[in-house]
Structures are given as C-alpha cells and as structure tokens.
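Engineer: Build the 3D model from these lines:
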Amino acid sequence: MPEIRVAIAGVGNCASALIQGVEYYKNASEEEKVPGLMHVSFGGYHIRDIKFVAAFEVNKLKIGKDLSEAIFTEPSSCVQFSNVPKLDVEVSRGPILDGVAPHTEKPFRAYDERKHKPVNVADTLKEVGAEVLVNFLPVGSHDATQHYAQAALDARCALANCIPEFIVSDQAWMDRFKQRGLPAAGDDVKSQLGATILHRNLARLFVDRGVKIEETYQLNLGGNTDFQNMTVEKRLKTKRISKTEAVTSILPYEVPTRIGPSDYVPFLNDKKICYILIKGRKFGDMPVTLSGKLSVEDSPNSAGVVIDVIRAVKLALDRGISGPLIGISSYAFKHPPVQVPDDVARQWVEDFIAGRRKA
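Structural biologist: Below is the predicted model of the structure:
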C-alpha cells in the first residue's frame, strides 16, 4: 500500500486535530464527501495513507510519550473527536531556540537545555525516512522555523510550512529547496472556513458588486496557547502581514485596515471568535456597512486543509517537482508565493492533481 511518511514539528492543538482527523476518516469511501477535504482520494492517496513517523516538541510533559498520548497532554486544548490508537512514535526533544517566548515558558513547560540536549532533527528525519515535515511551531518562531527548514533540506525531506514565518514565499529559501530537488508548500495555513477566507470573500463581493471599500477590520479572540503566545506584538509581526496581505491582495486599491489577533481569553480554550467589519460606498455615494461574527473550534478548522497539503506535496515528490508548489500554496495558505482568488487557486490544484499543471 502507498504511504506518506510525515514528521511534525510542534505537538500542539493543530497537530492533535490533524492526527485525530487522519484516524477519524481512515475508512471513508472514495465517493464520500468529507467536510474540509477536496477529495478523499487526492491523486491516488487516501487519508489513511498518511503515516506519522516522527514528532518534535519542547514541552517536557510531552517528550518521550507516544504521539497518540502527547496530543492530549496539557496545555493542548483541542477538542477530542477521535480515539487515536498507539502510533509507536516517540516524541523527540526538539531545539528550543525562539520557539518559547518568556511569557509562555510556564504553559509550554520547556525542558532544561543545560541538562538535556535536543536531537539532531535532520538525522532523525533520515532515520525514520520522513518524506514531508509539517511545521506547527508557535507564531514568532523565526529561528526555530529556519532550523527545521534547513534540517528538511539536509534530510532531503519536503516541507509544509503552516505558520507565518516566510519560507515558501522567500525566494532565497525556495532556490535552496529547488537545488535539492525538494518541493515545499506554505506559508501560514488558511483554515477551512476561518476569518481570513471569510474576510477575503466578503471583500471580493464588495469589489465585484462595485462597492468602494473605505475601511475594514478583522479582530480575533481565542483561548489557546497560540493566542497567549501572540499577546506580545513583536511575535506576531509576520502574522499580521500574512493575514492582512491575504485580504488586501484581492483589492484593486489601498484600504485602511486592522487585521490580526486581538486578545487572549483563556476560558475560550481552542475556540476562536472573529469580528469582521467592512465599510464602503455604493451607488449614489450611499454608505453600506457589513459586520459579522464567526465562531469556530480553531484547530480542527485547519486539519483537513493540511491533509490535502500533505498529499499535494507527496504528489510533487512522486513527480520530481521541486521548489514552491504554487497551486496548493495559493489555495491553502495565507501568504503564498502568488496570491490569486480562491476559486482560481482551487482550479490550479485540481489541474495539478490531474497532471495538467506542474505546480
């Protein structure tokens, strides 16, 4: 049977939702419509073909545990929707670098690097035969993300960068992946129905219907460690860029905006609440205002998208395609190398699956 050997950097809520989702839908028929997936069979790869072979973490409560247990270990707050059997994957001690900010040392419970050394990530990826490395590190992990990206290169492993540290949208990094004959998809995963894709499509509707947008904002609240991590503005600089450009890239003119994480509300746990406002002028210079609220369980909202990303990256590996995967990156990520409307990006992916498009 075919398989896709996947390693994960960061065993938090997003990893939990991904791993649970693979188990939850492993017996889905190829004719079934699974919410959040483009196809049950994506270019010949079923959901169950994803096999987790390695995981890297800095939380001392998770290190050494089987991955099936670590995904439910605090401070993880992703809702449990699947019973995950033992995976026989021991969570490895990853490098800390800038993955843990001072204000998140307590919830992340980082191990003491003075007493314990992290594993060599590249060597571990080689030992387990990992084909795709999925980056789920905390927002703001600039140095740590670059460390894992380099490890992927050294291990000849493809990359799916799900956080807003710019690797796939950086030409220098992509030149290195292309030289190594490796594909990559990213940056900053776009949820199935999240704040960004909703905001993009509402804004596009205004433009398509001839309404001149004058100002817009998107405010996000959440209670997981991702939101706690982003209470320090300097750690979410690239997050604001990623979310803002995802919306403004489809507007034909400049608009005053404020888009991004706004507050950490602990009792929300993994729930995310988004408030969107768009103000504009329509025919007769009459004002029009749209305001909306979206409430979702945050981590499962991206899991299906990542399942499709993993399978797209594997198809690229099979076909000998290297460098940035433009189609799946534009469809599944907020800050891809090329920004296009979502319907265009989806068609690009369908063409890629069918072999009508190279990347």
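Engineer: C-alpha only now, for contacts and for neighbours.
Structural biologist: OK.
Engineer: Strands of the stretch 1-150 of the chain, residue ranges please.
Structural biologist: For the stretch 1-150 of the chain, the strands defined by DSSP state E, counting those that start in this stretch cover 4-9, 50-57, 91-93, 132-135.
Engineer: An error on my part: the question was meant for the stretch 151-300 of the chain.
Structural biologist: Going by DSSP E, counting those that start in this stretch, the stretch 151-300 of the chain shows strands at 158-161, 183-186, 212-222, 257-264, 271-281, 287-297.
Engineer: one step back: can you say which of the strands of the stretch 1-150 of the chain is nearest to Val306?
Structural biologist: strand 132-135 (8.7 Å; C-alpha to C-alpha).
Engineer: Output the closest one as PDB - backbone C-alpha positions only.
Structural biologist: Output of strand 132-135 as PDB, limited to C-alpha atoms (Å, rounded to 0.1, in the frame of the first residue of the first chain):
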ATOM      1  CA  VAL A 132       7.200  15.600   4.500                       C
ATOM      2  CA  LEU A 133       7.900  17.800   7.500                       C
ATOM      3  CA  VAL A 134       4.900  19.800   8.800                       C
ATOM      4  CA  ASN A 135       5.800  22.900  10.700                       C
END
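Engineer: where does this structure dip in pLDDT?
Structural biologist: Residue ranges of the chain with pLDDT under 70: 1.
Engineer: So which bits of the lengthiest helix in it are buried?
Structural biologist: Longest helix in the chain, counting residues (DSSP state H): helix 300-319. For helix 300-319, the neighbour count (16 or more other C-alpha atoms under 10 Å) marks 300-317 as buried.
Engineer: could the strands of the stretch 1-150 of the chain go into CSV alongside mean neighbour count?
Structural biologist: Output for those, formatted as CSV (neighbours: other C-alpha atoms under 10 Å):
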stretch, mean neighbour count
strand 4-9, 23
strand 50-57, 24
strand 91-93, 25
strand 132-135, 26
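Engineer: Please render those as TSV that adds distance to Arg209 to the earlier fields.
Structural biologist: Compiled in TSV, the strands of the stretch 1-150 of the chain are given as follows (distance: least, C-alpha to C-alpha, whole Å):
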stretch	distance to Arg209
strand 4-9	43
strand 50-57	42
strand 91-93	51
strand 132-135	38
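Engineer: Where do the helices of this protein begin and end?
Structural biologist: 13-24, 67-70, 105-108, 121-128, 142-155, 171-179, 195-208, 225-229, 237-248, 300-319, 326-332, 342-353.
Engineer: Of those helices, which is nearest Lys60?
Structural biologist: Between the helices of the chain, helix 105-108 lies closest to Lys60; by C-alpha to C-alpha that is 8.3 Å.
Engineer: what's the spacing between the nearest residue to Leu18 once chain neighbours are set aside and Gly36?
Structural biologist: Nearest residue to Leu18, sequence neighbours excluded (C-alpha to C-alpha, 6 or more residues apart in numbering): Ala303, at 4.6 Å. Separation of Ala303 from Gly36 (C-alpha to C-alpha, to the nearest Å): 8 Å.
Engineer: Tell me which of the strands of the stretch 151-300 of the chain sits most buried.
Structural biologist: strand 183-186 (a mean of 32; mean count of other C-alpha atoms under 10 Å).
Engineer: and it, how far out from the chain's middle?
Structural biologist: Relative to its parent chain, strand 183-186 has a centroid offset of 11 Å by C-alpha atoms, centre = their mean, to the nearest Å.
Engineer: Please apply the same query to stretch 273-280.
Structural biologist: 23 Å.
Engineer: May I have that stretch exported as CSV, CA atoms only?
Structural biologist: Extracted C-alpha coordinates of stretch 273-280, given in CSV (Å, rounded to 0.1, in the frame of the first residue of the first chain):
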residue,chain,number,x,y,z
ILE,A,273,-14.1,34.2,17.7
CYS,A,274,-13.7,36.6,14.8
TYR,A,275,-15.4,40.0,14.3
ILE,A,276,-15.3,41.5,10.7
LEU,A,277,-16.4,44.9,9.7
ILE,A,278,-16.4,46.4,6.2
LYS,A,279,-17.5,49.9,5.4
GLY,A,280,-18.0,51.3,1.9
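Engineer: hang on, the earlier thing: for the residue nearest to Leu18, what are its contacts?
Structural biologist: 14, 17-18, 21, 191 (C-alpha atoms under 8 Å, 6 or more residues apart in numbering).
Engineer: okay, which residue of the chain is out on the far edge from center?
Structural biologist: Gly284 (42.3 Å; C-alpha atoms, centre = their mean).
Engineer: What separation is there between Asp143 and Gln150?
Structural biologist: 11 Å.
Engineer: which of these two has more neighbours?
Structural biologist: Set side by side, Asp143 and Gln150 show more neighbours around Gln150, with 18 against 14, by other C-alpha atoms under 10 Å.
Engineer: ok, now how distant is the more buried one from Ala184?
Structural biologist: Using C-alpha to C-alpha, Gln150 is found at 12 Å from Ala184.
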